[in-house]
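1. could you work out the structure for the sequence below:
(2 chains)
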Amino acid sequence: MNKKILLTVFCFLFLTKIIFGQNAIVKGLIKDEFNNPVANATVIINELTATSQENGAFEIQNVPFGNYSLVIKLDGYTDYTDQVEVNKPVVDLISVTVHHNDQPKANIENIPTVSLSDDEVDASSGNGASSVLNASRDAFQQAAMYKFSAARFRIRGYEDENFTTLINGTPTTDLINGRTMYQGWSGLNDVLRSRESNIGLGATDYTFGGIGANYSIDTKASTQRQQLQVGYALSNRTYDNRLTATYGTGILPGGWAFSLSASRRWAQEGYVAGTFTDDFSYFVSAEKIIGKHSISLTRLASENINGRSAPAVQELYDLAGTHYYNPNWGYQNGKKRNAVVGRNSQPLTILSHDWSIGKKCSLQSSISYQYGKSSVTGLDWYNAPDPRPIYYRNLPSYVYNDLDDPEGAAMVTQLLSETDKQRQIQWDLLYDINRHSTDTIYNADGITGNTVMGKLAAYVVSESITENQRFNFNSTLNSSISDHVSLDAGINYQKQQSNIYKKLNDLLGADFFIDYNNFSDLSTSHDSTHLQNDLNQPNRILQVGDRYGYDYTADIKQYGGWAQGNFKFNSIDFFLAAQLTHTSFQRTGHTRNGVFPDDSYGKSQEKTFSNYAVKGGVTYKINGRNYVFANAEYLSRAPWFEDVFVSPRTRNALSNDLVNQTVSSFEGGYLFRAPRTKARIAFYETQFNNDTRTIRFYNDDLHTFENFTLTNIDKQHMGTELSFETSLGHGFSANAAASISRFLYTSRPLAYGTEDNTDTVFTSNETIYAKNYHVGGGPEAAYTVGLDYRAKRFWGFFINLNCFDKNYLEFNPVRRTAAAVDQISENDPLRQQILEQKPFKTEFTVDVSFNKSWRLNSRYRLFKRNTFIVLNVGVDNITNNKNVIVGGYEQLRFDFLDKRVDKFAPRYAYGFGTSYFVSLSLRLN
Amino acid sequence: MKNIIKTIAPYLMLVILAFTYSSCVKKEFDEPPVNGTDPALTVNRTIKQLKALWPGSGIVTITDDIIIAGIVVGDDESGNFYKSIVIQDSTAGINIQLDASGYWRNYKVGRRVFVKCKGLVLGDYGKQVQLGGYIDNSTGTPSVGRIPLALIPHYLYGGVWDLPVTPLEVNSISQLNLTADQNKLVTIHGVYFVSSSSCLPWADIAGQTSGNRVMQDTINPSASITVRTSNFATFAASLTPSDTGTITGVFQQYNSTYQLVIRDLNDVHITSNKCCVNPTILSIDSVRKMLTGTYALAGNCTAIKGVVISDKNNNNITGKNIMLQDNSTPVPHGIIVRFTATNTTFALGDELEINISGDTISKYNGAMQITYVDPSKTTRIASGQSVTPRITTIADINANIGQWESTLVKISNVTLNSGTPGIYSGNVTLNDGTGTMTMYTIGTGSFPATFATDSFPTFATSIIGYLSLYNSSPELEIRNLTDVTP
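-> Next up, the predicted model:
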């Protein structure tokens, strides 16, 4: 209640010019990008609606003075949203251009699923899906979202933490690692269309945001289309079938609005062998508008289970004869079984309140709660050899080079290329082994004298689980102080509690498993307490469903506020914004790790960070068609939970030298907007300083997980973005987009290495010679040119040629140390081999799509309402280029003894070859 | 509201449909059957026949379709068979070199393993025949290369699990045949680790080297076998036992050396009574009283303390023996301590603490002794200690020999007389007027007393020596010539 009063007071303080009791007429003409009038479009302003005439004209009367969103909706067109200021009796918008919904929905689904197993995710940043939610605004954003995403293009090369997505004001960032939780709403595209997207450092009125791009999705029922739509799609990508249904009531008499949507996507086997998907998503939203208030309750959930693939070394792709070899599966009783199965279910419930406090002041508040878990399974083993087929000793190159056995290598080559069985997990063997592994556990479950005999599993399937509980409160105020000045401000509180643990998923034929540390090697430590994952429950006998290994809770709290002033004049606009954030991290261990008995159980020290950010920008309007803009931002950022703790799985210890990262970013550019042509050119330069990252990987030689914390990471991202689209007449239009960048390290980070099975520090302050290495993880240059044809009779054909260039692999810091090239002379080609970072080959792809819609009610009387059948056909990569590398990493191990780089060769993932997506949907408006 | 329900209804149906369609991605797995059968392979050679193909030197490649089968007797479960597996059939055993760690999970002790030998190679390591994957020329000298990991399933086929193997049982190391018995599972009875090998870690973990611990048997003193243990073995840091018992393991040849590799500590049935750290000190009197039958065993972690009253330097005592006397009250007692090796360390006047845990107390020709005493379990506390001899008469000695055996006495005014005139060697009769007794000096064998051929005086003012029994007759033995005062 106090809050409400405060905000009201706040509003009044700034509202110097409020005009009461006046109504106006808002009118205009709706045209498409080819200047053709657009009829039958729905125009919405402040809950008032109108439909455009044959000549595209519309008029809405009795609009009270104030600031509103103008929304124009029509099938086949992208929703148009803009701000209108109603401050005179007749507001003539003259001409509003709506765009054909160029991109069939087919493309939205085009995100190759290259899922990394748990330990590998840490090693490579999984940023792939960041561009999914871009609304198609200009050709560049279109390309970044659809055409470039196939090659894992990242806007400005930024990691996911630089992008902010809000749903009804609720942030969706996972505070553990800064990634957006896209998987929480996958499959709900139909109801997530209403969104605002802003690339770069410009002002946004809903959040201070990240430096990459900001997205605000509005799922309120009143903004959803009034329609019933059902659709079925057939594809050969990550899923084969998709069934969707969406229903929206629009605003009903009495101020109610409801919206429902559900989708199911599945594939017995996806594009890549052994992968499968089963995804069920639903969305329920209800809204009640009471005068100036609107209360909305939304729940969205996506429950999915998917069998994943993993990157592999080129040698295995060659042996398999395909770039879609997947080491994660194997035959069990003749059927394919995937060891790496991801599950996700984290329903998000948002209660939001929109309040038009005055004509020029609105307040949007939301409370959200999200609870659920995501998990991924994997093989786990104790006192047994690594069962994974990608183990390097299984490969012909190892036999050839390390065993010096060319004939053996030839035989291995033959065996591995003969049948797929040899290249995959041998499930039957694992069962066989487990069934013959009788063992005796003394003092089982920590009870002296308790002896348990039976089949102790050598191999099990484990499930790494994160149980999230997130609470968020968010409030944003937008107010217009004068014709020239408006103010946006927000406050935010987030609390995330994540319980992260491992669970026994399958005993694979054994009687029990035991909670021992697989990595603690008795022959080196000879201390039996080291073996215990949990000293509080030593020798614990495990059954399916039991937690084991590690179990801890991450408690993260973040609160902050931001404010932004926008100033608009005839030829110049500028803004200034600032943000303050306070973040705290704490780990609570639920196990007492045998290696770290005094630093693993109970609460850790609470670590807090205070951060600030400022940004500002100016746009100079040369005339109505030519604009020049420049924006700059400086911010400090706390490290993520994952990097704050050396090894959260095992202990409470904090990483050394924890400092805030600082980021300074600048962008400037030129915009051209004419009725037939739109162009944008932007330059940017961003400097990241003092970043801290922890890389975790399993070292097979030392039988341990290693934690490699890099501090003092400086990076520079700079480049140019180009966007161009023009109408060629007769239904043809052309588009082009390009991103030409360079992402480089500008410092020599320091490495601090620890192991999970000992308390020793194996390296401290080791210099990583990384200066001028490429950041990697996506192409630095991406280009597309396209030609669109839209016929008058509701069909269109689209073709794009894409090019990806300067794609570098993320490098292994261990290989860029003095130790790695120790005793190799400067001119030895080996030195070059160890240190070099080569780009992949330039790759080209061609995508085509076709869409057509039929209006049934004009032809059949049966349909009383507006009824459409919409067909979308998309064929991506029609030339079947199977060489586009879309992910991967240099293995984090290095052969210090022989310095043979290929021993632990890089692992890659390839983008799909030719793939199709055909969808047919029925729509009743 | 009714309208809403009406419009929602068909949609809800769709949702329900979508739900019920969920059988389409069912992922439930049958479990494979328990595989307890042998592969369909016909064995066409015995292991002995296969080994006979090795010409005695060099490395040969097997070109015929030879299939052998044997039961695993040595695996790497404990880490002691590093990258090698040993299988055995009724005719012989063979060592197969594998480039795999932890292979025991699949080829475990007791599992029958079939080997398709075509393409494999036969060579040797110290004359021990090995089956391997290829000829490894990387070091310059050709050697047997391990079968690459990826090819192991191509050559080795697992059959029935948990089959018993009866080891070859012997009572002496010398009963083993280096060639015929190599890589067979053997059990040796009556063996012990020599003093320099007992109570020590099986391997040197800190130094990262394998341990070579030597055992001998109680039957053939010249035979020995080296028990070889990898420093990667899980039990490498445990201590070798100290006593005598039975050991099982895979018998191996390294040129002329007999080697044994145990699988784990379950193969060792030998107690470690002598390896204790703080033994209970027993009086010699109480030790002597333990012997009520033909022999007795000293308790676990026990020791005796006393001063050496024999003189190793003058050889008038059997090489492995010392005579030890304590100062217990009311009367001191003594006993013969027989070491497992010749005593070159403990001299007259040394005060010792001797760990006798598990040692045998018995009589040898009537004289009580503690045998199998490990010299390395003996600690010298001080040296140059003097023991005051009991001043007595021969009559008293004869009356009290049961109490005074192995203690130092001094008799006075003695006449000396022997059959062979003049020298100490052998028996000399002593007479002090109260009675007679024998004085014995070692005069034969490889190490006679240094004074054996010296002439003795016919009369002595006093003679000092320790008392011993020879078939129930008391004897007096001097240590050196200073014991006799003419």
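2. name the residues that touch stretch A:429-444?
-> The contact list for stretch A:429-444, computed with CB atoms under 8 Å, 6 or more residues apart in numbering or on different chains, reads A:332, A:384, A:387, A:449-459, A:507-510, A:514, A:538-541, B:31-32, B:34-35, B:105-106, B:108, B:111, B:158, B:161-162. To be clear about C-beta, it is placed using only N, CA and C from the backbone, and glycine gets the same treatment.
3. and if you look at stretch A:643-653?
-> Taking CB under 8 Å, 6+ apart as the rule, stretch A:643-653 contacts A:500, A:549-550, A:552, A:554, A:585, A:587, A:589, A:593, A:595-596, A:599-600, A:602-605, A:607, A:641-642, A:654-655, A:658, A:692-694, A:696, A:705, A:707, A:709, A:754, A:756.
4. from residue A:300, how far out is residue B:374?
-> Distance of residue B:374 to residue A:300, computed by CB to CB, to the nearest Å: 78 Å.
5. same question, residue A:784
-> Separation of residue A:784 from residue A:300 (CB to CB): 32 Å.
6. try residue A:262
-> 11 Å.
7. shared neighbours of these two, which are they?
-> Shared contacts of residue A:262 and residue A:300 (CB under 8 Å, 6+ apart): A:281-283.
8. just the buried residues out of those residues, in ChimeraX syntax.
-> Buried residues among the shared contacts of residue A:262 and residue A:300 (16 or more other CB atoms under 10 Å in any protein chain shown), as a ChimeraX selection:
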select /A:281,282,283
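9. which single one of the shared contacts of residue A:262 and residue A:300 is nearest to residue A:251?
-> Nearest to residue A:251 among these, counting by CB to CB, is residue A:283 at 17.9 Å.
10. what helix or strand is the closest one located in?
-> Residue A:283 is part of strand A:276-290, with elements assigned from DSSP states H and E.
11. got it, and residue B:215?
-> strand B:211-217.
12. just how off-centre is the next helix or strand after that strand within its chain?
-> Using DSSP H and E, the next helix or strand after strand B:211-217 towards the C-terminus is strand B:224-229. The chain centroid and the centroid of strand B:224-229 are separated by 8 Å, computed with CA atoms, centre = their mean, to the nearest Å.
13. what's strand B:224-229 in contact with?
-> Contacts with strand B:224-229, where a contact means CB under 8 Å, 6+ apart, come from B:80, B:173, B:176, B:188, B:191, B:193-194, B:197, B:202-203, B:210-216, B:235-236, B:240, B:247, B:249, B:252, B:254, B:257-262.
14. packing partners for the strand holding residue B:215?
-> Judged by 3 or more CB pairs under 8 Å, 6 or more residues apart in numbering or on different chains; DSSP states H and E, strand B:211-217 is in contact with strand B:185-193, strand B:224-229.
15. so which of the ones you listed is nearest residue B:307?
-> Residue B:307 lies closest, by CB to CB, to one member of the helices and strands packed on strand B:211-217: strand B:185-193, at 27.8 Å.
16. confidence score at residue 439?
-> Using chain A here. Turning to residue A:439, the model gives it a pLDDT of 89.
17. actually, chain B is the one I wanted.
-> The model's pLDDT for residue B:439 equals 93.
18. repeat that for residue A:195.
-> Reported pLDDT for residue A:195: 76.
19. so who does the closest residue to it other than its chain neighbours touch?
-> Sequence neighbours aside, residue A:217 is the residue nearest to residue A:195 in space, at 4.5 Å (criterion: CB to CB, 6 or more residues apart in numbering or on different chains). By CB under 8 Å, 6+ apart, the contact set of residue A:217 is A:133, A:165-168, A:192, A:194-195.
20. okay, those in JSON lines with secondary structure and neighbour count next?
-> As requested, the contacts of residue A:217 are exported to JSON lines (DSSP: H, G, I helix; E, B strand; the rest coil; neighbours: other CB atoms under 10 Å in any protein chain shown):
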{"residue": "A:133", "secondary structure": "coil", "neighbour count": "23"}
{"residue": "A:165", "secondary structure": "strand", "neighbour count": "26"}
{"residue": "A:166", "secondary structure": "strand", "neighbour count": "24"}
{"residue": "A:167", "secondary structure": "strand", "neighbour count": "24"}
{"residue": "A:168", "secondary structure": "coil", "neighbour count": "25"}
{"residue": "A:192", "secondary structure": "coil", "neighbour count": "22"}
{"residue": "A:194", "secondary structure": "coil", "neighbour count": "19"}
{"residue": "A:195", "secondary structure": "strand", "neighbour count": "18"}
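21. nearest to chain B among those?
-> residue A:192 (18.3 Å; CB to the nearest CB).
22. who does the spatially closest residue to the closest one that is not a sequence neighbour form a beta bridge with?
-> Nearest non-adjacent residue to residue A:192, counting by CB to CB, 6+ apart: residue A:217, 5.3 Å away. For residue A:217, the beta-bridge partners are residue A:167, residue A:195 (DSSP bridges).
23. distance of residue A:217 from residue A:207?
-> Distance, residue A:217 to residue A:207, using CB to CB: 12 Å.
24. got any residues that touch both of these two?
-> With CB under 8 Å, 6+ apart as the test, residue A:217 and residue A:207 both reach residue A:166.
25. make a markdown table out of the contacts of residue A:217 and add distance to residue A:149.
-> What follows is those, written out as a markdown table (distance: CB to CB, whole Å):
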| residue | distance to residue A:149 |
| --- | --- |
| A:133 | 11 |
| A:165 | 15 |
| A:166 | 21 |
| A:167 | 21 |
| A:168 | 25 |
| A:192 | 17 |
| A:194 | 21 |
| A:195 | 17 |
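26. of the residues you listed, closest to residue A:43?
-> Distance to residue A:43, by CB to CB, is smallest for residue A:194 among the contacts of residue A:217, at 14.8 Å.
27. tally of neighbours for the closest residue to residue A:186 other than its chain neighbours?
-> Nearest residue to residue A:186, sequence neighbours excluded (CB to CB, 6+ apart): residue A:302, at 5.1 Å. Using other CB atoms under 10 Å in any protein chain shown, residue A:302 has 25 other residues around it.
28. most distant residue from the middle of chain A?
-> Distance from the C-alpha centroid of chain A, by CA atoms, centre = their mean, peaks at residue A:449 (51.4 Å).
29. for that one, give its distance to residue B:89.
-> Separation of residue A:449 from residue B:89 (CB to CB) stands at 42 Å.
30. and the residue nearest the centre of chain B?
-> Centroid check for chain B by CA atoms, centre = their mean gives residue B:193 as the closest residue, at 2.8 Å.
31. what mean pLDDT does the helix or strand harbouring residue A:460 have?
-> Assessed by DSSP H and E, residue A:460 sits inside strand A:459-480. Averaged over strand A:459-480, pLDDT sits at 95.
32. next SSE after it?
-> Next along the chain from strand A:459-480, counting by DSSP H and E, comes strand A:485-506.
33. and that next one, is it in reach of chain B?
-> No. Using CB under 8 Å from any CB of the partner chain, strand A:485-506 never reaches chain B; the gap is at least 8.7 Å.
34. helix or strand next in line after that strand, which one?
-> Next helix or strand after strand A:485-506 toward the C-terminus (DSSP H and E): strand A:513-514.
35. report the separation between the residue of the stretch 351-486 of chain B found nearest chain A and residue B:346.
-> Distances between the stretch 351-486 of chain B and chain A by CB to the nearest CB are smallest at residue B:376, namely 23.7 Å. As judged by CB to CB, residue B:376 and residue B:346 stand 12 Å apart.
36. for the strand holding residue A:460, which strands pair with it and how are they oriented?
-> Partners of strand A:459-480 in its sheet, by DSSP bridges: strand A:361-381 (antiparallel), strand A:485-506 (antiparallel).
37. around chain B, pick out the residues from the stretch 101-250 of chain A.
-> Residues of the stretch 101-250 of chain A lying near chain B by CB under 8 Å from any CB: A:228, A:230, A:243, A:245, A:247, A:249.
38. kind regards, and thank you for your time.
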